[in-house]
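In: here you go, sequence then predicted model.
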Amino acid sequence: MTLLPQSTINRLTSARLKVYRAKLGTKQGGHKSLVTGSSNDFAQHRQYTPGDELKRIDWRVLARTNRLMVRQYDQETNLRATLLIDSSASMAYRDANAGNSVERTPDKITHAKQLAAALAWILIRQGDAVGFMSYSTGVTFRSSHASTVHHLHRLLGSLEQIASQSTEDSVSVLHKIAEALPPRGLIFLVSDLFLEPLSFRDVLSHFQHRNHEMIVMQIMAEDEVHFPFADSLRFRDLEGDQQFYEADTSAIRREYKSQLDNHLQSIKQICRQFQADYVLTTTGDDIADVINHFLESRHRRSNFVNDSRGSSV
């Protein structure tokens with residue numbers, strides 16, 4: 001299966017990702033930077049320090065206040081985005097009836113790779129630097145960050161190679177990633193999030209402490225959401241002891257749905273707590289639909305924030 005078919009590209013040609021916070025980038029681009037430079041947008045004054053260029057001194061301020069002040073300007077920068085792809089064992093799950101479909105529903109890891117490929121295409125197209133990591137027990141693959149078409153082709157080739165693996169403690173790996181990545185970036189966490197909510201909260205707290213902006217994309221199979229099973233079935237924990245367990249699906253359906261709803265609500269609340277965007281997608285969803293809907297809602301929120309800041313009482 002091609003990760004980025006032309007049909008998906010055609011439906012994403014007008015897609016653009018906005019960022020809420022100032023970022024540290026690697027070159028001039030389309031986002032507000034924390035680094036001051038020489039653009040035409042005046043930002044603020046600061047005290048002169050030896051070594052500053054004399055041409056940046058504001059002589060009018062000197063004449064008025066007898067203080068040497070330097071003019072600072074906003075500099076736009078490209079975004080440094082990192083796609084974190086969960087390659088733990090549970091991401092290998094495919095819907096039970098997928099093999100009977102005319103178009104097979106992909107497993108969760110394939111859906112994650114398709115999302116990552118489309119997001120990388122959008123970001124690189126708008127001039128942003130993109131890299132990705134896949135992780136399970138450890139970091140299983142890591143790419144550099146770049147914003148060229150050649151880099152995009154390398155990313156797509158590398159994404160094709162990612163496969164799910166056994167998992168022991170992906171939470172500790174996420175903490176190590178949070179500490180290792182340069183601060184003030186944009187992080188896409190693409191995972192089924194089969195972990196304890198308290199552990200997930202600690203992970204988002206760590207990324208927030210590093211001043212990252214977070215976008216969380218939770219991927220689930222259709223079966224996991226709707227639980228369509230009937231009669232007695234054998235289930236196997238992909239990330240546990242690998243043993244099979246028999247269960248009467250009619251007896252456990254209500255409890256399963258209740259616990260799943262509680263888990264999803266906890267994940268959403270934690271994302272709101274740390275101002276992380278949250279997207280729930282299932283393996284049956286169309287990739288372009290998922291991304292376009294997410295970007296539209298994100299742009300609406302961004303415009304609302306800007307309008308609120310610009311309004312006066």
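Out: Thanks, I have it.

In: do you know how far the residue lying farthest from the centre of the chain is from residue 69?
Out: In the chain, residue 63 marks the outermost C-alpha relative to the chain mean, sitting 49.6 Å out by Cα atoms, centre = their mean. Residue 63 is 11 Å from residue 69, where distance means Cβ to Cβ, to the nearest Å. For glycine as for every other residue, the C-beta is placed from the backbone atoms N, C-alpha and C.

In: the nearest residue to residue 68 once chain neighbours are set aside: neighbour count?
Out: Excluding its sequence neighbours, the residue lying closest to residue 68 (Cβ to Cβ, 6 or more residues apart in numbering) is residue 48, at 3.6 Å. For residue 48, the count of nearby residues is 16 (other Cβ atoms under 10 Å).

In: contact partners for residue 48?
Out: 57, 68, 69, 70 (Cβ atoms under 8 Å, 6 or more residues apart in numbering).

In: what's the answer for residue 133, then?
Out: Counting by Cβ under 8 Å, 6+ apart, residue 133 touches 82, 83, 84, 85, 139, 141, 142, 143, 177.

In: next, format the residues you listed as a markdown table and append pLDDT and neighbour count.
Out: Shown next, in a markdown table, are these (pLDDT from 0 to 100; neighbours: other Cβ atoms under 10 Å):
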| residue | pLDDT | neighbour count |
| --- | --- | --- |
| 82 | 97 | 21 |
| 83 | 98 | 27 |
| 84 | 98 | 25 |
| 85 | 97 | 25 |
| 139 | 93 | 15 |
| 141 | 92 | 15 |
| 142 | 92 | 14 |
| 143 | 92 | 18 |
| 177 | 96 | 21 |
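
In: center of the chain - which residue?
Out: residue 188 (1.2 Å).

In: my guess is it is in a strand, correct?
Out: Yes: membership of residue 188 in a strand is supported by DSSP: H, G, I helix; E, B strand; the rest coil.

In: residues contacting it?
Out: Applying Cβ under 8 Å, 6+ apart to residue 188 gives the contacts 81, 82, 83, 84, 116, 119, 215, 217.

In: how about those in JSON lines, adding secondary structure and distance to residue 243?
Out: Listed next are these as JSON lines, based on DSSP: H, G, I helix; E, B strand; the rest coil; distance: Cβ to Cβ, whole Å:
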{"residue": "81", "secondary structure": "strand", "distance to residue 243": "40"}
{"residue": "82", "secondary structure": "strand", "distance to residue 243": "36"}
{"residue": "83", "secondary structure": "strand", "distance to residue 243": "33"}
{"residue": "84", "secondary structure": "strand", "distance to residue 243": "30"}
{"residue": "116", "secondary structure": "helix", "distance to residue 243": "32"}
{"residue": "119", "secondary structure": "helix", "distance to residue 243": "37"}
{"residue": "215", "secondary structure": "strand", "distance to residue 243": "36"}
{"residue": "217", "secondary structure": "strand", "distance to residue 243": "30"}
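
In: quick check: the residue nearest to residue 111 when sequence neighbours are not counted vs residue 206, distance?
Out: Excluding its sequence neighbours, the residue lying closest to residue 111 (Cβ to Cβ, 6+ apart) is residue 283, at 4.6 Å. From residue 283 across to residue 206, the span is 28 Å (Cβ to Cβ).

In: neighbour-wise, which of the two wins?
Out: Neighbours per residue (other Cβ under 10 Å) separate residue 283 from residue 206, with residue 283 holding more: 25 against 16.

In: is it true that the more buried one touches residue 223?
Out: No: between residue 283 and residue 223 there is no contact under Cβ atoms under 8 Å: 9.0 Å.

In: what do those two both touch?
Out: residue 95.

In: show me the shaky parts of the stretch 151-300 of the chain.
Out: Across the stretch 151-300 of the chain, the ranges flagged by pLDDT under 70 are 168, 241.

In: returning to that earlier point: got the phi and psi for the residue farthest from the centre of the chain?
Out: Residue 63 adopts backbone torsions of phi -60, psi -30, taken as degrees, to the nearest 10.

In: and the contacts of residue 48, which are buried?
Out: Buried subset of the contacts of residue 48 (neighbour count, 16 or more other Cβ atoms under 10 Å): 69, 70.
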